Each structure stands twice: as C-alpha cells, then as structure tokens.
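J.: Structure for the following, please:
(chains A and B)
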Amino acid sequence: MLKSFRIGGIHPKENKLSAGMAIQPIAVPEQVVIPLLQHIGAPCQPVVKKGDKVKVGSLIGKSVGFVSAQIHSSVSGTVLKIDKAMDASGYKRDAVFIKVEEDVWEEQIDRSDELVTACSLTPKEILDKIAAAGIVGMGGATFPTHVKLTPPPGMKAELLIINGVECEPYLTSDHQLMMEKSDEILVGITLVMRVLNVQRAIIGIENNKKDAVALFTRKVAAYPGIEVQPLKVQYPQGGEKQLIDALTGRQVPSGALPISVGAVVQNVGTVFAIYEAVQKNKPLVERVVTVTGKEVQRPCNLRARIGTPLTKLIDAAGGLPESTGKVISGGPMMGKALASIDIPVTKGTSGILIVPAPEAKRREMKDCIRCGKCVQVCPMGLNPTLLMTLTEYEVWDRAEKNAITDCIECGSCSYTCPAYRPLLDYIRLGKSKVNGIIRARKN
Amino acid sequence: MEQKLIVSPSPHIHSGDTIQKNMVAVLIALIPAFLVALYTFRLEALLITTLSVLFCVGFEYLIARFVLKKEPTISDGSAIITGVLLAFNVPAGLPVWILALGALFAIGVVKLTFGGLGNNIFNPAIAGRIFLLISFPAQMTSWPATAIAGTATDAVSSATVLGLLKQSPEALGALPLRQMFLGLEPGSLGEMSAAALLLGLIYLLWKKVITWHIPVTILATVALFTGILFLIDPLPQYNPLIHLFSGGLMLGAIFMATDYVTSPLTKKGMIIYGVGIGFVTVAIRLWGAYPEGISFAILLMNAFTPLINSYTTPKRFGEVVRNG
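T.: Here you go, the predicted model:
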C-alpha cells in the first residue's frame, strides 16, 4: 500500500502529455517585462531607471519588508522604462521593461554545468544567499523561501520534506527537472538541511513518476539522512498539509504552520534554485515551464528567462491552436485562467495549459441534490455544500465555525459535483470575507 | 492576437459526473429486481411499472410546465426512478387509478411543492407508497399469489411472510428462507428477491453511486436488534434471517433510504440515520399496527436528516495531531 493523505481526495485524468520531453532552453527574447511583484508579500522597489545598463543577474528590484523577494534582471541590456504591465492575475502592476542586448552575465555567476557539492558556508550565510537570490516557492505559491526557512522563535524543524509530487494533471516541469538535475537537487537538499539544522529529509514523489522514484532511490544512498517515498497518485497529494500527513502521519492543526508538527516543506524546483543560488551564485532568473494542452502541437518543457512573453513559449510549442478557449497559468485544478497571453513568465509560472473552447466553458449549474460527494472528496474534511450555502446567505459566523478558513482551494469539490455547482467560487469568496472579519476582530 | 479568452476561477476541469449519470446507474441497479418481478408477475409487472413511470414523468412535466410555469427537469431522470420505485412498492394488480393517485401525490405534493429535485424533504416514492397504504389499505395489501408458486394466478390474495408473523407465526411452519431470498414469496412488485436487490447494491457500490454506510447500517441494525431478541427468546417472529429477507427491507435499505436528497451528507450522519431506520423498522414490525415498517422508518428518518446534518460534521483535517 502506497502512502497517502487520509481524508478525501480525487483522481483526475493525469494527461501528462509533456512527460519525458527534455527541458529545452528557449531563445532570449528582444525585450523582457519583469514584474516587481512575483511573490506573496510586498512588491519590490525598483533600483534601476530608464537608460540604465543591466547584466543577467543584476539586482533591479529591492525587497522592502521581510516577506518579500529580490528581483533580478534575467537578461543583459538597457532599461526602457518602469511602467504598469499586466501579470497573470489580470491586474496591471509595476514592471521593469528591458531591451535585450547580447547576453552578458554578472561575473560572479558560475555558468558551467559542473556539479559543486562542497560548501563551507554557515547556515546563516546560506540563508542570506537564498534571500539575496530572490528565491520563492516554485510550485506556484511563490512564498519567499528565506522566510519559510526561518522558523518563528521557539519553533524548531525536525524534518525537511521535499515536494516532488506534482499532483496537478498535465504539469511535468518538476518531473523533468528531477530527471535531469537529480544531483543538483540532492545537493540543494543538503544545503536546506544545514539551514534548518535537521538530520532527516524525505522526498515525496507521486507513483506515476516511477523513473524519478527509481533514480532518487538509487542516488540517495550517497546522501545520509535523505529518503525517498513513493506516494499514491491522488490529488491533492502535493498540498503541503496533505503531503506532511502522507509522509509523517502528522496532521497540521487548523490555522497552524507545518513547523508546528516539526516539518518544513520545499518544492524540488525551489531546492534546485537554492543549489544554483548557493553553489553557483546564480539568482532566480529563469525557470522550467511546461507548455501543454490537448490540442497543442508539441507539448514540452521549456527553460525560460523570467520576463519572457508567454507568446514566445506558446510559439515554441507549435503556436496557439485555433480551438483555444482558455489559457491557464499553472495546472487545471488550481491554475489561473488568463485574460491575455501578452504577459511575462514569472517565478511562479509552472506551466501554461491551453484548453480547447468546448472544454473551457462551465456547464449550467443545477440544484444541489445533496449527494455528499463534495464532502467525501474534501481533503480538509470540510462540508463544501454547507459552506457554499452559508456564503450565499452571508452567515459568516457559521461559516467560520465550519472552518471555511481551512479550505486550501484545491478544487476537488467543484471538480466532483454532479450538479456542476461552483462550490469553490463561493467558498473562496466566503473565506476571504471571514478572514477579513477575523483580522478586524484582532485589531 | 485578438482572440477572446474565457476567464473563470479554478478548477478548470470536471469529473464528468452528472446527476443524470447517477440516476441511470440507479435504474441499471434496479434491473435484476425488475426481471424477478417480470418473471413472477409477468405482464402485470410490466404494466404497473410502465404506467407508474409514465404517471410520474407526466405529472412532473405537466405540473412544472402549467402550474409552476418553469422549465421541466424530467431529463435528470429522477422522476423515472420515483416511478419505478413507486411501482416496486405496490402489489401487482393494483387498480391503475390508485397507482395514478400515488404518482400524483409523490411527484406533485412531495417533490414539486418543495421545489423539485434536491429540495424535497421526504423521498417521493416512499411518501407515495405510504399515502396509498393509508388511503387504500385493502388494495395495497392484497398480494396476488406468485405465478410460479401457486396454480391460480388471478386475484387470489395470499399472506406475506411478515403478515403471517404478525398474526399467526405458528402458521408459517418451516421457514421459507430460500424462497424468500430468491423472491418466491408473495410481496410487492420489486421487493420480492433479496438476491436481485443485493446484486443492485453491489453495482451501486462498484459505480460509487452510494457508499456502504446507509444500507449496511440498516441491515446490520435489523439483524442485531432481532438477533438479540431471538437469543433471549427464539420465537419465529424474532428470527433475524426472516427479518432481513422479508418485506421491503432490502428495497428500502438499498434504494430508498440511500436517496441522496433525503439522507444525511456525512458518514457519521449516514450511520446514525441507518441505525434509526433499522430500529424503527423492527419496532413497527414487532410491536406496531402494521406488519411492515421500513417505509415509515425511512419517512421518519427523512424528517430527522436536516437535524442529523447540523449535528454531524465531517472528520476535519488536523483533528488527529499525531499518528505516526
């Protein structure tokens, strides 16, 4: 029996069309647009102005406040302007526009492919390098990594969990990265273990990636303290709380952080970025993006500079199909539908999923037949249909009592509902209302 | 690129499950019981079932269109199920006008007055059956002898096992368990064969249309309750096997108590609901005025469903802090 989380879950069709496609670097575009907010937290302050020359790796946005992450130039060239540009959220936000000239990198960056295993830095120095490199959670949540690696006072991590689950259908960027950069990822894990001062790390990989499980099982032999655990193919296995439950049997209590059960979770992509930052002095200026979809000509995994227009990536996969109805940044369960594809790749762009028009539209909602299927699949043990009704009628106190704020927005309820009810839409709305009420009460 | 993109919140995919698919699965699960009815009652079974479905679907259409003036929702298939279940709950040979009244009550009063599928408090077929049982007790309990058991098939009414248990348990003689299991003892159209109904249960569980909680809890409660009584005093009326395989217990536990709309949402709730139905069924059978109690038990527990729902929350994530 493979390990898994214990409550709810679904198994959508995996559709990993781009599985096994080697990561191809995509040409540096003529111009990049680098948003100053690519993470959860405060936007960065620009430290360049129109006309400034920058290199690959030059700092262009300085983080203000603790929960924030530095922004670096992903290209060399001239700053054209600092102006508003639309990002994946659909909002126009400040971004640095850079005209690309040649491809000159900052001198300290080691661009060779050689594996660097030795590291003589102290945990504090490693952490500072991670912060300086602007690393965020690469699984899509984009929470600043150095913050996550700094436990609150009095808390101590016992276990590092590496998320190689990639439970979203279609996405394969983490899978391919694991296949191509296993050594770098393992060195990255040892670095994070040192920062956290933990002796044990578990890499959780969903069992539909048997090659990755085999590869890491073979390689961890050389790394004391690191284990590999194949996991049942079940969504949302990669949800932070679900993954901790699956691997340790400990359930993070409502409202608490993973550290409360002694665990810290990092995505494989993040760990790879940490390796590059610490061992190669390379800030986060590029990432792997899966471009996929049923009608996409060449589903693929691309390595793109941050700020590259999505259109360039879509062209590399064979162009936008005629039938396109929806373009999603991320996976089909939790990704964001884009209003326009004229937006740049950012640190959180794990995939671009192109959905044909007939599948892009929702079907008409029917009355709830109280089948309880949403209750059965909710991985947080909530009652989605009740929460939807409470939101509809704005009964916030009961919504709070029924733990609406525990919702991880995985979408299993809406996915399952035979009456096509937009359960998560309502719950999301209710959750933000209730969170607002809770905040107001504290003040 | 001036193509307009569709923007909607996640999730962007759907399981493909629909209300209709669930209803079709229930209808498929009812096929074995229908075949047994056809075999036992021949044309009578076909006639009653077809008419009952036509009445239910027809009333739903007419009432929605001309009384409520809204788009009829007959395509979801729920009225067909109500029709089949109502037919399965009446004796073969029931006068057609009585059947029509039952359908009108089930669909018109119990289902549509409350707002249609999803909003009704009581299971329409159960309520329809009880309406008929109370209004036409003679016609509703005149069981034709089965075509295979007896020689005379026409209008010879014979007693059911439960009826005998109630009035003169001694008259039962040797317990006709095997016949009951296969469906050779008199009874309503669709409740004849426990074997056929159990086949339907297996299909529903396999297709994940229902979970085991409600049917298994009901059957287990009935077996345990009567089993304890039987251990104390081994009279035939306490025999748990008789109770399991007689009357409408199987039909009720598998197909009527599991009605999505009128049963609880959570597993805990389903178990409370199932235990309640089991207890009330046995209590009515043993000490009530009627020989059979499953319909009343389900109707009663339907009324408790909202209360059960508000007192049972699903097991939340984070309640088990350590279990490694």
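J.: pLDDT averaged over whichever helix in chain A runs longest - what is it?
T.: When chain A is parsed with DSSP state H, its longest helix is helix A:423-442. This predicted structure assigns helix A:423-442 an average pLDDT of 95.
J.: if we look at the host helix or strand of B:I80, which residues are touching it?
T.: Counting by DSSP states H and E, the element that carries B:I80 is helix B:78-88. If you take C-beta atoms under 8 Å, 6 or more residues apart in numbering or on different chains as the criterion, helix B:78-88 is touched by B:19, B:23, B:26-27, B:30, B:33-34, B:37, B:48-49, B:51-57, B:59-60, B:99, B:102-103, B:106-107, B:111, B:117, B:124-126, B:128-129, B:188-191, B:251, B:255-256. C-beta coordinates here come from the backbone N, C-alpha and C atoms, glycine included.
J.: And the following helix or strand past that helix, what's buried?
T.: Using DSSP H and E, the next helix or strand after helix B:78-88 towards the C-terminus is helix B:96-104. If you call a residue buried by 16 or more other C-beta atoms under 10 Å in any protein chain shown, then helix B:96-104 has these buried ones: B:99-104.
J.: any weak-confidence spans in chain B?
T.: In the predicted model, chain B carries pLDDT under 70 at residues B:1-3, B:145-159, B:167-176, B:184, B:320-324.
J.: Show me how the record splits it into domains.
T.: B:20-139, B:161-311 (automatic domain parsing).
J.: and the gap between the residue nearest to B:S8 when sequence neighbours are not counted and A:P321?
T.: Closest residue to B:S8 in three dimensions, ignoring its sequence neighbours and counting by C-beta to C-beta, 6 or more residues apart in numbering or on different chains: A:A337, at 5.6 Å. Counting by C-beta to C-beta, to the nearest Å, the gap from A:A337 to A:P321 is 16 Å.
J.: Could you check which of those two has the larger neighbour count?
T.: Applying other C-beta atoms under 10 Å in any protein chain shown to A:A337 and A:P321 shows that A:A337 carries more neighbours, namely 22 against 18.
J.: ok, that one - contacts?
T.: A:A337 touches A:326-328, B:5-10, B:12, counting by C-beta under 8 Å, 6+ apart.
J.: rerun at 7 Å
T.: Neighbouring residues of A:A337 by C-beta atoms under 7 Å, 6 or more residues apart in numbering or on different chains: A:326, A:328, B:6-8, B:12.
J.: Count the neighbours of residue 183 for me.
T.: I went with chain A, as the question did not name one. Burial measure for A:D183: 14 neighbouring residues, criterion other C-beta under 10 Å.
J.: oops, I was thinking of chain B
T.: Neighbours of B:G183 (other C-beta under 10 Å): 25.
J.: Verify the stated contact: it with B:A196.
T.: Yes: B:G183 sits in contact with B:A196 when judged by C-beta atoms under 7 Å, with a separation of 6.4 Å.
J.: if I look at those two, which residues touch both of them?
T.: Shared between the contact lists of B:G183 and B:A196 (criterion: C-beta under 7 Å, 6+ apart) are residues B:V36.
J.: in the stretch 101-250 of chain A, which spans are strands?
T.: Remark: strands of the stretch 101-250 of chain A, listed N- to C-terminal, are A:159-164, A:200-206, A:226-231; assignment by DSSP state E, counting those that start in this stretch.
J.: about what we covered before: check the contacts of helix B:78-88 one by one and keep those near chain A.
T.: By C-beta under 7 Å from any C-beta of the partner chain, the members of the contacts of helix B:78-88 lying near chain A are B:19, B:117.
J.: Can you turn the buried part of the contacts of helix B:78-88 into a PyMOL selection?
T.: Buried residues within these, as defined by 16+ other C-beta under 10 Å, are selected in PyMOL through the command that follows:
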select buried, chain B and resi 19+23+26+27+30+33+34+37+48+49+51+52+53+55+56+57+59+60+99+102+103+106+107+111+117+124+125+126+128+129+188+189+190+191+251+255+256
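J.: hmm, back to that, any chance of the buried residues of helix B:96-104 in a markdown table with distance to A:N163 as columns?
T.: Below are the buried residues of helix B:96-104 laid out as a markdown table (distance: C-beta to C-beta, whole Å):
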| residue | distance to A:N163 |
| --- | --- |
| B:L99 | 60 |
| B:A100 | 62 |
| B:L101 | 62 |
| B:G102 | 58 |
| B:A103 | 56 |
| B:L104 | 59 |
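J.: ok, which pair from those is furthest apart?
T.: Farthest-apart pair in the buried residues of helix B:96-104 is B:L99 and B:L104; separation 9.8 Å (C-beta to C-beta).
J.: Run through who's touching stretch B:210-225.
T.: Applying C-beta under 7 Å, 6+ apart, the external contacts of stretch B:210-225 come out as B:201, B:204-205, B:240, B:243-244, B:249, B:253-254, B:257-258, B:263, B:267, B:270-271, B:273-275, B:277-279, B:281-282.
J.: pretty sure B:I28 contacts B:L204?
T.: No: with contacts defined as C-beta under 7 Å, B:I28 does not count as touching B:L204, sitting 9.0 Å away.
J.: All set now, cheers.
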